[in-house]
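S.K.: predicted model, plus sequence, below.
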Amino acid sequence: MSILFEGISAGVLRLEVNDRKAWEKNQRKERIINIAKKVFHRRGFDGTTLSTVAEAAGYNRRTLYLYFRDKEDLYLAVAQRALNILLTGLQEAAASEGTLRGLARAFFDFAVERPDDLGLIMDYEARHFNYLKGSDDTRASGEYQAACQQASETIMALVTGTIADGMANGSIHTPLTPRQLMLILWGQIFGVMQVLRIRKTHFEKAFGTDRNHLFACFVAMIEAGLATPAPSTDHPPKE
């Protein structure tokens, strides 16, 4: 009987040791991602190397290769975090309000609270996001590329679905498809937030308003424009 108990105890001990090692490995990976995020924000993708991240983390470059295939893989791990945070905010807004205004406010809050992550997402979309669903051109393979692609597609589907609902209930009038309108609105809101992010110093003094009010006016203009049926573009307007 004692031999049986000893065997069980040894097995439990091995599980605890394995769990501890797995936890430590995950903590080390999370630390590397945290530090890499700061380095990418400071130096940009092109100015960052695995050596600079390893040096900032206090590891050698070989340690980073235990967790990431290359610099791009590490960059995508950082981008995945930013995308997931944005996605969570948008999902919460969709669940509580389900309007473009609610999604816009969630995006604004994300951009104001996490301006560096906004820049990271913009850079990710330019470098890595595959807009043609089902295409073989993924530019990079691996779990982080797939996770980023999935998060981006979920965000797009969330916005597109909200637009489709607005078109169905008559609050949105547009000759565009939901996906086409989503692209225009996505570009507009990114552009506005980029301007607000760049010109945050002395903003009220320079423009006579604060960023919250200006953004609210921007959203109201978009809503007013979409609430009015757009003129047909099939024929030029009569003089």
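M.R.: Noted; the coordinates are in hand.
S.K.: following the helix or strand bottoming out on mean pLDDT in the chain, which helix or strand comes up?
M.R.: Considering only helices and strands, the least confidently modelled element of the chain by mean pLDDT, DSSP states H and E is helix 2-43, at a mean of 77. Tracing the chain C-terminally past helix 2-43 and defining elements by DSSP states H and E, one meets helix 50-57 next.
S.K.: output the below-cut-off pLDDT ranges for this structure.
M.R.: Per-residue confidence for the chain (pLDDT under 70) gives these ranges: 1-18, 133-141, 230-239.
S.K.: what about stretch 173-180, start to end distance?
M.R.: Distance across stretch 173-180, first residue to last, is 13 Å (C-alpha to C-alpha, to the nearest Å).
S.K.: contact partners for R114?
M.R.: Contacts of R114 were listed using C-beta atoms under 8 Å, 6 or more residues apart in numbering, and they are A82, I85. (Each C-beta comes from the backbone N, C-alpha and C, glycine too.)
S.K.: what does it show for phi and psi?
M.R.: Here is the backbone geometry of R114 (degrees, to the nearest 10): phi -130, psi 60.
S.K.: same question for T48.
M.R.: phi -110, psi 140.
S.K.: against E72, how distant is it?
M.R.: In this structure, T48 and E72 are 11 Å apart, going by C-beta to C-beta, to the nearest Å.
S.K.: cool, L83 as well?
M.R.: Relative to E72, and taking C-beta to C-beta, L83 is found at 16 Å.
S.K.: comparing the two, which residue is more hemmed in?
M.R.: It is L83, of L83 and E72, that has more neighbours when counted by other C-beta atoms under 10 Å, with 25 against 17.
S.K.: now do the contacts for the spatially most central residue of the chain.
M.R.: Here the mean C-alpha position of the chain is nearest to the C-alpha of L83 (C-alpha atoms, centre = their mean), at a distance of 2.2 Å. Counting by C-beta under 8 Å, 6+ apart, L83 makes contact with I121, Y124, C148, A151, S152, I155.
S.K.: show me which of these is closest to E92.
M.R.: Closest approach between the contacts of L83 and E92, by C-beta to C-beta: I155, at 12.9 Å.
S.K.: mind listing what that closest one touches?
M.R.: Contact partners of I155, counting by C-beta under 8 Å, 6+ apart, are L83, L86, L87, L90.
S.K.: which positions in the strand or helix carrying it come out as buried?
M.R.: For I155, the enclosing helix or strand under DSSP H and E is helix 143-169. By neighbour count, with 16 or more other C-beta atoms under 10 Å as the criterion, the buried positions of helix 143-169 are 144-145, 147-149, 151-152, 155-156, 158-160, 162-167.
S.K.: before we move on, back to that, give me the three-state assignment for the residue nearest to the centre of the chain.
M.R.: Classification of L83 into helix, strand or coil gives helix, according to DSSP: H, G, I helix; E, B strand; the rest coil.
S.K.: mind checking how far it is from R28?
M.R.: Applying C-beta to C-beta, the value for L83 to R28 is 23 Å.
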